[in-house]
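A.B. asks: here is a sequence with its predicted model. Questions after.
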Amino acid sequence: MRYLKFGLAALLLLAIGAAASAQTVLRAGLDVDAGTMDPRQARDTSAARMQELIFNGLVTLDANQVPQPDLATSWEFVSPTELVFQLREGVVFHDGSPFDAEDVVYTYTTLVDPDFGAPRRSLYTPIQEVVADGPYQVRFVLSQPYAPLLQYLDMGIVPSDAAEAAGAAFGDQPIGTGPFRLVSWERGATIRLAANDDYFKGRPNIDEIVISVIPDNNVRLIALESGDLDLIHSPVPPQDLARLRGSTALAVHETTALGYTYLNLNLEDPLLQDVRVRKALAHLTDRDTISEVLFYGMDTPGTSFLLPGTFYYTDDVTTYEYDPERAAQLLAEAGWSDSDGDGILDKDGRPLRIELTTNVDPNREQVLEFLQGEWRQVGIDVSVRAYEWPSFIADVMAGNYQISLIGWLLLNDPDRASYLQFRTGGDSNYGRYSNARVDELLEAGRAETDPEARKAVYAEIARIITDELPYIFVVNQGYVVMHDPALEGFVVNPSGSWKSLESARLAN
């Protein structure tokens, strides 16, 4: 009998193992960890990815950035300043509590509360009030007509009772209505999500998503090619893209991203307050070589915050051709010369010294090393430093930097690409740029609902920004997704969205 029992136990273990192996697990890789999983406090793209999987917004943006129903089934502008939503019934949060209009009211009321400290609060300040007209109807009352409003209402809705009870800890233990729920989170290493059995659109086909945080782009790609990961996306090593485009072992998708990479100049630095110095640096930034050689054509030369291929794009902006002679002339006009013959420009006994910083990313580090060599040729003493994202972005936000290479993504409206960044005192105006005319135009762009008139507003903003240069625009980003061909139904979105994983599947 002892042997029989052992045999039955072994069979049982085998059966359990077979059941476990039948689970479909998607293994994905990200370059940085999410800072928080509270959608109201999110400021990075990894947090945006988690929002799409754990939460739902009133709307979701499709691959063309057109709002589609999500927790709202329909909506109507009953006046230029009132928007009414009809909500889905029968939806439950991951903790089993029912979703209703009060959760929408709570989410947006806390979001616009200055004391809550939401990083993107300024995108929602025209919301004057959110009112529950019934358990499944909400009304947004605006202080003015607000053109990009619908684009921003993909914000994940949080459960009012649970979020209020958790307070700041909600970002560590998120509860949403989304297709996946958080199982565990080892910061800086691994995020585990499990399918939501009660998802209102139907249980996902993928049982579990295991996300590994791998900062090195090359290591992340090696993990994909070796079969240790099933899905990665930008940033990817551009030098490997040409080799992988014809791959039969991987599905490779390329599109234009809704983002740009730029040099953020700290205008509180006395050296950079002289626009002639900023313009000299722009003339020393060889965008064509960065695009074609360093990024292998994956990214294209950048000119402004208005992205090619979008309705609002214009090429009628100030541009800076690579011209070291013109750069040297501008620096001389600004009073910089090599008075002591040591090869480094100086002024009033102070050398022209610049530190370029970025986060740990081989592609960005290569750009800085390239610029270091280029800028040194005209007598600028350039040092470069790359460090981990949390510390890097904390320094940028605090103004503890001189010039940083960084990027903006998810720019589905020109307001999102400019209001936080260039408005005086803006939440993401890290370089402390200020221009009264730009402030006026930014407000006008939000309130203008006629597309052509709105386009003209942002064209004027772009001309001012490219002339005054708080940013040196380097490249418009390309977006690349690579995955195991067994992953079916994943929709490539230029915003980088992973929302389609709610209906994707892993084929046997």
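C.D. replies: Here it is on my side, so go on. Remember, predicted model here, so these are calculated numbers, not experimental data. Numbers count the residues shown, from 1 in each chain.
A.B. asks: please pull up the helix or strand immediately following the helix or strand where residue 443 lies.
C.D. replies: Assigned by DSSP states H and E, residue 443 falls within helix 436-447. Remark: after helix 436-447, the chain's next helix or strand is helix 451-468, criterion DSSP H and E.
A.B. asks: for that following helix, name the packing helices and strands.
C.D. replies: Packing partners of helix 451-468 (3 or more CB pairs under 8 Å, 6 or more residues apart in numbering; DSSP states H and E): helix 436-447. (C-beta placed from N, C-alpha, C; glycine too.)
A.B. asks: check which helices and strands the helix it packs on sits against.
C.D. replies: Short answer (3+ CB pairs under 8 Å, 6+ apart): helix 436-447 packs on helix 419-422, helix 451-468.
A.B. asks: buried sites along it?
C.D. replies: 438-439, 441-442, 444-447 (16 or more other CB atoms under 10 Å).
A.B. asks: taking those residues together, which two end up most distant?
C.D. replies: 438 and 447 (15.3 Å; CB to CB).
A.B. asks: and residue 103, what does it touch?
C.D. replies: With contact set as CB atoms under 8 Å, 6 or more residues apart in numbering, residue 103 has these partners: 157-160.
A.B. asks: okay, those residues in a markdown table with neighbour count, secondary structure and distance to residue 397 next?
C.D. replies: Output for these, formatted as a markdown table (neighbours: other CB atoms under 10 Å; DSSP: H, G, I helix; E, B strand; the rest coil; distance: CB to CB, whole Å):
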| residue | neighbour count | secondary structure | distance to residue 397 |
| --- | --- | --- | --- |
| 157 | 29 | coil | 27 |
| 158 | 26 | coil | 24 |
| 159 | 26 | coil | 29 |
| 160 | 20 | helix | 29 |
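A.B. asks: same list (these) but as TSV, adding pLDDT and distance to residue 462.
C.D. replies: Listed next are these as TSV, based on pLDDT from 0 to 100; distance: CB to CB, whole Å:
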residue	pLDDT	distance to residue 462
157	98	34
158	98	35
159	98	41
160	98	40
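A.B. asks: between these, which is nearest residue 505?
C.D. replies: Closest to residue 505, out of all of the contacts of residue 103 and judged by CB to CB, is residue 157, at 26.3 Å.
A.B. asks: is it possible to export the buried residues of helix 436-447 to CSV including distance to residue 47 and pLDDT?
C.D. replies: Output for the buried residues of helix 436-447, formatted as CSV (distance: CB to CB, whole Å; pLDDT from 0 to 100):
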residue, distance to residue 47, pLDDT
438, 28, 98
439, 28, 98
441, 30, 98
442, 25, 98
444, 30, 97
445, 26, 97
446, 24, 96
447, 29, 95
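A.B. asks: what's the burial count for residue 418?
C.D. replies: 24 (other CB atoms under 10 Å).
A.B. asks: for this protein, which strand is longest?
C.D. replies: Secondary structure of the chain per DSSP state E: the longest strand is strand 251-265.
A.B. asks: sheet partners, orientation included, of that one?
C.D. replies: Sheet pairing for strand 251-265, assigned by DSSP bridges, gives strand 403-408 (antiparallel), strand 471-483 (antiparallel).
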